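S.K.: here's my sequence, what's the structure:
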Amino acid sequence: MDKLFSMRVHFIAIGGSAMHNLAIALHKKGYLITGSDDEIFEPSKSRLAKYGLLPATDGWDAARITDQVDAILLGMHAKADNPELIRAKELGMKIYSYPEYLYEQSKDKKRVVIGGSHGKTTITAMILHVLKHAGIDCDYMVGAQLEGFEVMVKLTEEAPVMVFEGDEYLTSPIDRRPKFHLYMPHIALLSGIGWDHINVFPTYENYLDQFRTFIRLIAPGGTLIYCSEDPELCKISERSRDDIAILPYTVPTHMISHGTTFVHAAGKDYELQIFGRHNLMNLDGARLVCKELGISDEMFFEAIISFKGASKRLELVARNDEALVYKDFAHAPSKVKATLAAVREQFADRKVIACLELHTFSSLSEEFLSHYKGTLDLADTAIVYFSPHALQLKRLPPITPEQVRKGFENNDLEVFTDSGMLLKRLQNENKSDKVFLMMSSGNFDGLDLHYL
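M.R.: Sure thing, here's the model as predicted:
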């Protein structure tokens, strides 16, 4: 694809988190952008409006698709019967998925792809933070808004490197490949494997196959960096290929003192603003990626001490003399367990109130609930919230609080289905020496954590 200043690109479903960021990135690069969506929510709406990219009206209109458009970008929110998509096919136009277009933009660059069931956003954010500190120009795509970065996607002609957060979910409504299969990395990292997206990958073996395929797609002479704490990753990584370098990472030497974590490296102790065993593993993986990009360990640690974490990844929402409130994106069983363990270790002298929202297709499926067995056992008080309306939207059969308790195998588990009642319960909790850990890929149906 020629990179022309006048390239005209139309986005079908421009309001998505990933799609609107790509639209802004291409606009900033000089492309002419149009888009459509049936409904656009915040913050996408305001951000598109800021750059003059917000569609004038909601809804789909096949008349928007003309031979003046050079390429179509199709978002996951669009359906296969979308009238604009149908019109584009009739005209024989080139239709790209989000990851396909990112690859097109990075074909001539060194590509770094961060994959795995958990930790992708944090590791990607760490790498970008260090590269920025080192003054190394790079393009990127990351799944959260990062402090110090205006957009979640950056595309330029000049940057020699592009860093991708490599999601294993499907590419588009008409392309069933996982996104991270399209990026063809020179440097790849896998953080761990925990079965997720059961609506797409119905068996664990099927899910595992996606990661085996990812490894096969690493460029010859490339590098695979993997977490050696994950036994499944060890099996599929260690003897996977003879033509790539294979580098394991683990938890670095560290200590916790008065609620602060220090990592020991090169004869020095570095005070971190992040904490948790899983975050320390993320840090070690990011260090190896940066080393492959020419950054010394000394420079890496000088940069990482100012890293505060990615949005909604053990993010401190508020604190006072009595209590702290953290929010985290954790939703899959392995993520929930790791996040709670991190908070428990970091605040051993406080009681932990752990509250998890079941929000994804997998977590709201009765047959998957047993995978949450024991995940909240480290909490002093364990609470689960789910919305019956979310089940209806996902066209899933109802579940009951009793089924949830059975899945978690925790008779003391408190289960709520009304966000107002949940807020009242949390407000009535004695706050003295407590840590509130709110875990969700949603927002607890609008629960204001700052107010809490």
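S.K.: C-alpha from now on. contacts and neighbour counts both.
M.R.: Will do.
S.K.: ok, now which ones touch residue 178?
M.R.: Residues near residue 178 by Cα atoms under 8 Å, 6 or more residues apart in numbering: 167-171, 210.
S.K.: adding distance to residue 373, neighbour count and pLDDT, write these out as TSV.
M.R.: TSV is the format used below for these (distance: Cα to Cα, whole Å; neighbours: other Cα atoms under 10 Å; pLDDT from 0 to 100):
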residue	distance to residue 373	neighbour count	pLDDT
167	25	22	90
168	24	20	91
169	24	17	84
170	27	18	85
171	31	23	84
210	25	17	95
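S.K.: what would the residues you listed look like in a markdown table with distance to residue 288 and secondary structure?
M.R.: As requested, the contacts of residue 178 are exported to a markdown table (distance: Cα to Cα, whole Å; DSSP: H, G, I helix; E, B strand; the rest coil):
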| residue | distance to residue 288 | secondary structure |
| --- | --- | --- |
| 167 | 20 | coil |
| 168 | 22 | coil |
| 169 | 25 | coil |
| 170 | 28 | strand |
| 171 | 28 | strand |
| 210 | 23 | helix |
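S.K.: so which of the residues you listed comes closest to residue 103?
M.R.: residue 171 (12.3 Å; Cα to Cα).
S.K.: how far does the lengthiest strand in the chain sit from the chain's center?
M.R.: Determined from DSSP state E, the single longest strand within the chain is strand 351-358. Centre-to-centre, strand 351-358 and its host chain are 20 Å apart (Cα atoms, centre = their mean, to the nearest Å).
S.K.: chain center to the helix or strand just after it: distance?
M.R.: Using DSSP states H and E, the helix or strand that directly follows strand 351-358 along the chain is strand 381-386. Centroid separation between strand 381-386 and its chain, computed with Cα atoms, centre = their mean, is 23 Å.
S.K.: can you list the contacts of residue 178 in a markdown table and add distance to residue 200?
M.R.: Listed next are the contacts of residue 178 as a markdown table, based on distance: Cα to Cα, whole Å:
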| residue | distance to residue 200 |
| --- | --- |
| 167 | 13 |
| 168 | 10 |
| 169 | 8 |
| 170 | 8 |
| 171 | 12 |
| 210 | 11 |
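S.K.: farthest pair in those residues?
M.R.: 171 and 210 (12.8 Å).
S.K.: how about the strands in the stretch 101-250 of the chain?
M.R.: 110-115, 139-141, 153-154, 161-165, 170-172, 175-178, 187-190, 223-227, 245-249 (DSSP state E, counting those that start in this stretch).
S.K.: buried sites along stretch 176-191?
M.R.: For stretch 176-191, burial by neighbour count (16 or more other Cα atoms under 10 Å) applies to 178-191.
S.K.: could you do stretch 97-109 as well?
M.R.: Quick answer for stretch 97-109 (16+ other Cα under 10 Å): 97-103, 105-106, 109.
S.K.: hang on, the earlier thing: which of the strands of the stretch 101-250 of the chain sits closest to residue 29?
M.R.: strand 153-154 (8.8 Å).
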